[in-house]
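>>> Attaching a predicted model along with its sequence, questions to come.
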Amino acid sequence: VPAVETHEFEAQTERLLEIIVHSLYSNKDIFVRELVSNAVDALEKARFFALTASDAVESSDFGVRVYADAEASTLTIEDNGIGMSKQELLTNLGTIAESGTLKFKEAMEGNEVSDQLIGQFGVGFFSGYLVADTVTVETRPMTETGLGEAWRWSSDAKGQYSMEPCPEVTRQGTRVILSLNDEKYLEEATLRDLLTHYCEFLQFPVYLQTLTETEVEVQTETEEGEDEVEPVYETEVVAEWDHINEGTALWLRDPTEVTDEEYIEFYRQNFARSGEPDPLSWVHFKANGDVDYTALLYIPAEAESDYYTEMNRAAGHITLYVRRVFVSDDVTELVPDYLSFLPGVVDSDSLPINLSREMLQESRAMGTIRRRLVKKVLAKLADMADDAVETEWDEAWGERDEEEEERDLSFFTFYAAFAKALKLGAITDERNRSKILPLLRFHTSETESHLTKGPKAAEAMRSLADLVAARDTEWQEAVYFATGASVAEIRGSPVVEAALSRGIEVAYLDDPLDDFLFQHVEDYEDVPVLSLMKQDTTLPMPPGYEDGNGQEAESSLVEQYMAQVLGSKVVRVETSSRLSGSPSMLVSSSHSPTATQERLLAAQAM
Ligand code: ADP
Ligand code: MG
């Protein structure tokens, strides 16, 4: 038997790095996110160690400083965090996919510091090579006994790196110097935008160096008796540190301690379009389990003007963070399309920051988060709908409870803006249909809601529950609706007339979406929901109702005659007792499209 040989893989480091960096990152800009989050991790570790370390180490004024040097064409990201020893440089930066932070987290398991750390993959650092040919790292570690020895690491990522001591570094922490291959990243405006974008909510201050040219007067000596000489000016460049991330991550606070004003202010600063009214409500919760995350979603009062046209390919308005680091505002998987209008934040502890879009889309975590978000939002809307309904007069007490809350009509404002979204949800989201249906409102034969618009109309409309409750259960088992292009058209239709003459309330569905919706809805609270437009829908007889029937003999003659006259234009002619005032009507058979759907289909075909 030949002996089995075992060999180690060899890797072309240069190629490997290229593959890692370019397959993970579709956008060069993210090097900012990766390097600043490394700095923040180092600061978090430093804050933890400073509690027990000697006085020789800095334990306050923690922060990240970012500065460009146009002449040298370098960009530096500097922190006064924990730093790295020579050995740590070798392992953490010298080994691809080695994460010192992950090891630290594992060692500190259960400790609060471990919950704050961002890194875990050990590849983020190499994103520096997206914008730099050479990356140099100067670092001086904090140790239990004081400051350790400072070392410089440098590499062009072509397979080798160099190391040397650099005693001139006096402070603790790490400085990552990028020798840029793209001048764009020297510009202050670019850097400010990127830092704000990725780092706005980080827990340590991030400063950007700004250089301003100012004219300073140069002192010139004037001798006594001499005339005043013209003052001489010189331009001097003044460097200042601009604190970039003054945003507070409101979502991480305990919901019971955040005031309404703070929620609204946060909305204004981060999501509001100009002139947009305040949000109606919000959903704020922390979830622990398979996936740990915090979510804060707002229920807006107004739809974006192009919302309904964009909805099918809606990008979504929820920003995804991983431990406060911006990851994406283009994650369509966080909520289903019909809820894509919800603005807000999801901040997860369970996802790594450097997941590619594809990986994010496919991650199971996304599905878990989405299901919970939908549930929470629908529950919130149900609460809002409840608050909008007048509480029943309590007969037993004879008077209203003094402390009864006032009616909150915000649900109707929401409904006026987002009815279509809810209907789309009821059509497409089978799992949650039973939760969405109670939120829907319709014009009926008992309302004048079609004469008004907006929240007033929504308030005047009726729910399926209203229709179910309004019927006389002695003889009316089902509830009925009719569809058409407008309330006026529906009201004038012969079938509706017949229902009204029996005292049946009819829902007037004038929105094409309704038609599709009720193909999926057969009953509500176990009461059948029937279309008057379908042939096999027969109307019940109220006691004592005169239906003008009993003329069967004549019926078949009329049927024969009409069938002859109409020929292939109709499938069948039938006499019926459904009508009261009109002599005849067109109906569709139960399996064919209704008139409204035919209109819609015809419009789409054009
Ligand atoms: P990750 O952050 O996922 O661990 P990185 O490739 O971004 O992976 O970084 C690799 C390791 O290098 C980190 O885990 C950390 O140990 C070390 N490191 C990187 N940047 C710094 C820094 N600014 N200060 C201290 N250590 C750092
Ligand atoms: Mg990292």
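It's in. Ligands and ions are numbered 1, 2, ... in the order given.

>>> Only C-alpha atoms from now on, for both contacts and neighbour counts.
Noted.

>>> how about the closest residue to ligand 2 within the stretch 151-300 of the chain, secondary structure?
Residue nearest to ligand 2 within the stretch 151-300 of the chain: residue 176 (12.7 Å; C-alpha to the ion). Three states are possible here, and by DSSP: H, G, I helix; E, B strand; the rest coil the one that applies to residue 176 is strand.

>>> Residue 214 looks like it's in a strand, true?
Yes - secondary structure assignment places residue 214 in a strand (three-state DSSP).

>>> which residues does it form a beta bridge with?
The partner list for residue 214 in beta bridges (DSSP bridges) reads residue 236.

>>> What is the neighbour count of it?
Burial measure for residue 214: 12 neighbouring residues, criterion other C-alpha atoms under 10 Å.

>>> Tell me the predicted confidence for the closest residue to ligand 2 within the stretch 401-550 of the chain.
Per C-alpha to the ion, residue 429 is where the stretch 401-550 of the chain lies closest to ligand 2, at 38.1 Å. The confidence metric pLDDT takes the value 96 at residue 429.

>>> Just give me the neighbour total for it.
Applying other C-alpha under 10 Å, we find 17 other residues in the vicinity of residue 429.

>>> Ok, residue 572 next?
Under the neighbour criterion other C-alpha under 10 Å, residue 572 is assigned a count of 13.

>>> where's it relative to ligand 2, distance?
When distances are taken as C-alpha to the ion, to the nearest Å, residue 572 and ligand 2 turn out to be 73 Å apart.

>>> That residue: what's it in contact with?
Residues near residue 572 by C-alpha atoms under 8 Å, 6 or more residues apart in numbering: residue 563.

>>> Check the secondary structure at it for me.
The assignment at residue 572 comes out as coil when based on three-state DSSP.

>>> Report the separation between it and residue 368.
When C-alpha to C-alpha, to the nearest Å is applied, the distance between residue 572 and residue 368 equals 51 Å.

>>> Up against ligand 2, what does this structure have?
Within the chain, the positions adjacent to ligand 2 are 38, 119, 124 by C-alpha under 5 Å from the ion.

>>> Enumerate every residue touching the second one.
Contacts of residue 119 were listed using C-alpha under 8 Å, 6+ apart, and they are 37-38, 41, 99, 101-102, 352-353.

>>> Is it possible to get CSV of those residues that adds distance to residue 523, pLDDT and secondary structure?
Output for the contacts of residue 119, formatted as CSV (distance: C-alpha to C-alpha, whole Å; pLDDT from 0 to 100; DSSP: H, G, I helix; E, B strand; the rest coil):
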residue, distance to residue 523, pLDDT, secondary structure
37, 54, 97, helix
38, 56, 97, helix
41, 56, 97, helix
99, 57, 93, coil
101, 56, 93, helix
102, 54, 92, helix
352, 45, 83, coil
353, 46, 84, coil
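
>>> pLDDT below threshold where in the chain?
When the per-residue scores of the chain are filtered using pLDDT under 70, the ranges that remain are 221-223, 225-226, 307-316, 390-405, 547-555, 577, 589-593, 600, 602-606.

>>> and with 50 instead?
By pLDDT under 50, the weakly predicted segments of the chain are 312-313, 392-395, 550, 606.

>>> which bits of it sit near ligand 1?
Contacts of the chain with ligand 1, taken as C-alpha under 6 Å from any ligand atom, map to 38-39, 42, 82-84, 92-93, 99-102, 119-125, 174.

>>> try 5 Å
Applying C-alpha under 5 Å from any ligand atom, one finds that the chain approaches ligand 1 through 38-39, 42, 83, 92, 99-101, 119-125.

>>> what's across from whichever residue of the stretch 201-350 of the chain sits closest to ligand 2 in the sheet?
The shortest separation between the stretch 201-350 of the chain and ligand 2 is 11.2 Å, found at residue 325 (distances taken as C-alpha to the ion). Here residue 325 sits in beta bridges with residue 322, going by DSSP bridges.

>>> let's have the chain start at 612 instead
Taking 612 as the first residue, the last one we looked at is residue 936.

>>> What residues does it make contact with?
With contact set as C-alpha under 8 Å, 6+ apart, residue 936 has these partners: 644, 648, 809-810, 812-813, 964.

>>> One more: residue 1075?
For residue 1075, the contact set (C-alpha under 8 Å, 6+ apart) comprises 1048-1049, 1051-1053, 1135.

>>> 10 Å instead, please
1048-1053, 1081, 1090, 1118, 1134-1136, 1138, 1140 (C-alpha atoms under 10 Å, 6 or more residues apart in numbering).

>>> quick one: which of the residues you listed sit in strands?
Using DSSP state E to define strands, the subset of those located there is 1090, 1118, 1134-1135, 1138, 1140.

>>> closest to ligand 1 among these?
Each of the ones in strands among the contacts of residue 1075 was checked against ligand 1 using C-alpha to the nearest ligand atom; the closest is residue 1135, at 52.0 Å.

>>> Show me where the stretch 1112-1217 of the chain has its helices.
The residue ranges that make up the helices of the stretch 1112-1217 of the chain, judged by DSSP state H, counting those that start in this stretch, are 1123-1128, 1163-1177, 1206-1216.

>>> Can you add neighbour count and secondary structure and give the contacts of residue 936 back as TSV?
Formatted as TSV, the contacts of residue 936 follow (neighbours: other C-alpha atoms under 10 Å; DSSP: H, G, I helix; E, B strand; the rest coil):
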residue	neighbour count	secondary structure
644	22	helix
648	25	helix
809	23	helix
810	24	helix
812	22	coil
813	20	coil
964	25	coil
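
>>> Please, where are all the strands along the stretch 812-961 of the chain?
Ranges of strands within the stretch 812-961 of the chain are 817-829, 843-854, 892-898, 904-910, 928-933, 936-939, 954-959, based on DSSP state E, counting those that start in this stretch.

>>> what's the closest of those to residue 625?
When the strands of the stretch 812-961 of the chain are compared for distance to residue 625 using C-alpha to C-alpha, the nearest one is strand 936-939, at 26.9 Å.

>>> Buried residues, the closest one. List them.
Under the neighbour-count criterion of 16 or more other C-alpha atoms under 10 Å, strand 936-939 has 936-938 buried.

>>> For the residue of the stretch 1012-1161 of the chain closest to ligand 2, give its distance to residue 946.
Here the criterion is C-alpha to C-alpha. By it, residue 1040 lies 11 Å from residue 946.

>>> sec struct for residue 778, please.
Counting by three-state DSSP, the backbone at residue 778 sits in coil.

>>> I misspoke; the intended subject was residue 679.
In terms of secondary structure, residue 679 is strand; the call rests on three-state DSSP.

>>> so what's residue 1059 closest to, chain neighbours aside?
Once flanking residues are discounted, residue 1059 sits nearest to residue 1071: 7.1 Å by C-alpha to C-alpha, 6 or more residues apart in numbering.

>>> Let me know whether the one you found touches residue 1061 as I believe.
Yes - with the criterion set as C-alpha atoms under 10 Å, residue 1071 and residue 1061 qualify as a contacting pair; they are 8.7 Å apart.

>>> Between those two, which contacts overlap?
Shared contacts of residue 1071 and residue 1061, defined by C-alpha under 10 Å, 6+ apart, comprise 1053-1055.

>>> With mean neighbour count and distance to residue 996 as added columns, please give the helices of the stretch 1112-1217 of the chain in CSV.
Shown next, in CSV, are those (neighbours: other C-alpha atoms under 10 Å; distance: least, C-alpha to C-alpha, whole Å):
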stretch, mean neighbour count, distance to residue 996
helix 1123-1128, 18, 20
helix 1163-1177, 12, 49
helix 1206-1216, 13, 29
